[in-house]
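Chemist: One predicted model, sequence on top.
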Amino acid sequence: MKLKKVRENLNCMTQTTCWDHPKMTELYQSLADLNNVRFSAYRTAMKLRRLQKALCLDLLSLSAACDALDQHNLKQNDQPMDILQVINCLTTIYDRLEQEHNNLVNVPLCVDMCLNWLLNVYDTGRTGRIRVLSFKTGIISLCKAHLEDKYRYLFKQVASSTGFCDQRRLGLLLHDSIQIPRQLGEVASFGGSNIEPSVRSCFQFVSYLLKPQVPFLCFRN
């Protein structure tokens with residue numbers, strides 16, 4: 001029954017690129033009010049914090065997020081997720097949050113809002129699918145955890161079993177990450193949507209530090 005309202009809106013969300021939940025529309029209007037904040041770093045941080053709290057992801061620990069992802073066997077990061085898969089995983093996440101914060105979490109509303117946001121960020125053409133890596137990037141980026149722990153988790157998603165990451169995989173991660181400020185209208189503050197210069201500079205820096213030159217980034221525990 002908790003999915004009833006979300007599924008009623010499902011066809012509407014997949015048939016048009018401009019559908020937003022009324023509460024999401026209100027949220028976007030409130031985010032626009034922050035555009036008068038002068039410095040881009042503060043402005044972006046304030047928008048992210050307001051978004052995080054509106055989606056109740058400020059209540060979600062990294063370990064709880066990982067448990068939900070593992071429960072749904074989301075291991076193949078290049079694979080697509082359809083909307084029902086996204087809904088099912090979000091429901092698992094918010095059901096657990098509701099148990100811990102009953103007075104703060106409305107499961108159907110939170111699932112609806114978070115689904116709406118994920119589609120706006122990662123499925124602008126409304127194909128009804130997003131990549132597993134995109135889903136993870138969105139949820140982990142806004143969950144309650146130290147930045148370094150988030151970075152470690154996300155790097156592991158694109159690194160090999162030996163802890164190395166090539167340029168293509170780093171590019172995928174940076175591409176998904178930059179979509180979040182892009183959707184908030186703040187992508188210019190991070191050098192725009194073209195991630196190739198950032199990937200190239202990462203590997204140039206690594207090549208400078210490591211001799212002989214190697215086309216990989218290494219993850220350190």
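Modeler: The structure has been received and is ready for your questions. Since the structure is predicted, the reported quantities are computational estimates derived from the model, not experimental observations.

Chemist: Give me the most central residue, this protein.
Modeler: Gly138 (0.8 Å; Cα atoms, centre = their mean).

Chemist: Give me the nearest residue to it, chain neighbours excluded.
Modeler: Nearest non-adjacent residue to Gly138, counting by Cβ to Cβ, 6 or more residues apart in numbering: Leu118, 5.3 Å away. In short, each C-beta sits where N, CA and C put it, glycine included.

Chemist: pLDDT of the strand or helix carrying the one you found, averaged?
Modeler: Assigned by DSSP states H and E, Leu118 belongs to helix 107-122. On average, the pLDDT along helix 107-122 is 97.

Chemist: Name the residues that touch that helix?
Modeler: Here helix 107-122 makes contact (Cβ atoms under 8 Å, 6 or more residues apart in numbering) with 2-6, 9, 13, 19-21, 23-24, 27, 51, 54-57, 83, 86-87, 90-91, 94-95, 97-98, 126, 130-131, 134-135, 138, 176, 179-180, 182-183.

Chemist: Buried among these? Make that a ChimeraX selection.
Modeler: A single ChimeraX command selects the buried members of the contacts of helix 107-122 (16 or more other Cβ atoms under 10 Å):
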select :3,6,13,19,20,21,24,27,51,54,55,56,57,83,86,87,90,91,94,97,98,126,130,131,134,135,138,176,179,180,182,183
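
Chemist: Take the contacts of helix 107-122 and keep only those in strands.
Modeler: 130-131 (DSSP state E).

Chemist: where in the protein is pLDDT low?
Modeler: In the predicted model, the chain carries pLDDT under 70 at residues 1-18, 205-221.

Chemist: same thing but 50
Modeler: 1-17, 208-209, 211-215, 221 (pLDDT under 50).

Chemist: mind listing the helices for it?
Modeler: 4-15, 22-32, 40-54, 62-71, 83-100, 107-122, 132-142, 147-158, 167-183, 196-209 (DSSP state H).

Chemist: the inter-axis angle of the second one versus helix 40-54?
Modeler: Looking back up the chat, that one is helix 22-32. If you take axes from the mean of the first three to the mean of the last three Cα atoms, to 10 degrees, helix 22-32 sits at 160 degrees to helix 40-54.

Chemist: Helix 22-32 packs against which elements?
Modeler: Contact partners of helix 22-32 among helices and strands, from 3 or more Cβ pairs under 8 Å, 6 or more residues apart in numbering; DSSP states H and E: helix 40-54, helix 107-122.

Chemist: circling back: so for Phe190, which of the helices of the chain sits nearest?
Modeler: Among the helices of the chain, helix 167-183 comes nearest to Phe190, with 5.6 Å by Cβ to Cβ.

Chemist: Could you list the buried residues of that closest one?
Modeler: Buried, per 16+ other Cβ under 10 Å, within helix 167-183: 169-183.

Chemist: Kindly report the same for stretch 53-73.
Modeler: Buried residues in stretch 53-73, defined by neighbour count with 16+ other Cβ under 10 Å: 54-57, 59-60, 62, 64-66, 68-69, 72.
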